[in-house]
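> I would like the atomic coordinates for the input below:
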Amino acid sequence: MKKIILIWVGLMLFYGSASAEFDGFGLSLGYGVGKKDIDIYRLGLKKDYTSRWFENETGYLSGFFELSYNRWEHGGDEVNGLALSPVFAYYFGTDADFVRPYIAGGIGAAFIDDYRIHNRNLSTHFQFEDRIGVGARIGIFDMNMSYFHYSNAGLKSPNDGIDIWLFTGAIQF
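Sure thing, here's the model as predicted:
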């Protein structure tokens, strides 16, 4: 966990000094818990979509791409993975609002280095990453709580899958 925090702080300082060049990017750090007390750590790089749809006085539909490093731990078991997810989000309010709540969801792909953790057999290194969540952008900060489900969608049995509740904090540039 200390390594993840140090990497996140270092990247935040680096990208913070070059924020004009990285408009629409964000760095995120998350912690969550899966079934059977599996600890989840997540470090992500986000890029906002440049498009908006259905924009009106209530808000607009947009979203972001997220590339993330994930680490799942339980006892001596550990799984490391990379995921790439397109996420759609409906943002309430306008860019002028200091607080903009949103709802989000998406389906992405993940590659994990081991497909067994705490008696759960995910069967394949390739996993789908499904998510749904709620959050708020508060100035340059983004806070959210999301439910994630990883599984191979029945490509190979057994397909135990893993369910995760994840809290994420991010800084947007």
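> now Ala153: how far from Trp53?
Noted for Ala153: a distance of 27 Å to Trp53, by Cβ to Cβ, to the nearest Å. (Each C-beta comes from the backbone N, C-alpha and C, glycine too.)
> for Tyr60, same thing?
Applying Cβ to Cβ, the value for Tyr60 to Trp53 is 7 Å.
> more neighbours, these two?
Higher neighbour count among Tyr60 and Trp53: Tyr60, with 19 against 11, using other Cβ atoms under 10 Å.
> specify the beta-bridge partners of the more buried one.
Beta-bridge pairing of Tyr60 under DSSP bridges involves Tyr91.
> wait, isn't it in contact with Phe54?
Yes. With contact defined as Cβ atoms under 8 Å, Tyr60 reaches Phe54; the gap is 6.3 Å.
> ramachandran angles for the residue of the chain positioned farthest from its centre?
Residue farthest from the centre of the chain, counting by Cα atoms, centre = their mean, is Glu57 at 27.8 Å. Note on Glu57: its backbone torsions stand at phi -70, psi -20 [degrees, to the nearest 10].
> now for Leu155: which residues touch it?
Neighbouring residues of Leu155 by Cβ atoms under 8 Å, 6 or more residues apart in numbering: Ser123, Thr124, Phe126.
> most neighbours of all those residues, which one?
Neighbour max across the contacts of Leu155 (other Cβ under 10 Å) = Ser123, 18 neighbours.
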